[in-house]
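**Q** sharing a model prediction with you, sequence too.
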Amino acid sequence: GGASPSAAGLRRHGELGRLRLVTWNVGMKGFARLVRDTEGGLDALLDSLCADVICLQETKLASRQTLLKSPELYLSERWDAAFSFCTQAIGQNAVRGARTTSYAGTATYVRRGAA
């Protein structure tokens, strides 16, 4: 005994321990454009990847404010999300003392009920 109800449910369906993970190197400007162009928006785009966990890298999101300005492009009712932001100066910008507004960054979406 001792199995959690969710583990028992997964075992019943033969899916225990199987998650589909997708990684994608995509800037969020391009990702937002895809969301706008996809009928059904963000949820439909994420669902179309047929994954339980979607990891985006090089998102180039500058701050949480970007998410809050257009939540329909980044936040979902059916997917949990976690974001990281990086504004570190690099290359010639670092030498000149300039700060880049967005660099690197990640976003991770997890289908609710998947984990």
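**A** Cool, the structure landed. Worth saying up front: this structure is predicted, and the values here are computed from it rather than measured.

**Q** which stretch of helix or strand covers A32?
**A** Under the criterion of DSSP states H and E, A32 resides in helix 28-37.

**Q** which residues touch that helix?
**A** Residues outside helix 28-37 that contact it (C-beta atoms under 8 Å, 6 or more residues apart in numbering) are 41-42, 45, 56, 59-61, 66, 70, 72-74, 105, 107. (Each C-beta comes from the backbone N, C-alpha and C, glycine too.)

**Q** and the helix or strand following that helix, what does it pack against?
**A** Using DSSP H and E, the helix or strand that follows helix 28-37 towards the C-terminus is helix 41-48. Using 3 or more C-beta pairs under 8 Å, 6 or more residues apart in numbering; DSSP states H and E as the contact definition, the elements that helix 41-48 packs against are helix 28-37, helix 71-74, strand 79-84.

**Q** and helix 41-48, average pLDDT?
**A** Averaged across helix 41-48, the pLDDT comes to 96.

**Q** one step back: could you dump the helices and strands packed on helix 41-48 to JSON lines with mean neighbour count?
**A** Formatted as JSON lines, the helices and strands packed on helix 41-48 follow (neighbours: other C-beta atoms under 10 Å):
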{"stretch": "helix 28-37", "mean neighbour count": "15"}
{"stretch": "helix 71-74", "mean neighbour count": "15"}
{"stretch": "strand 79-84", "mean neighbour count": "15"}
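
**Q** perfect, I'm done here.
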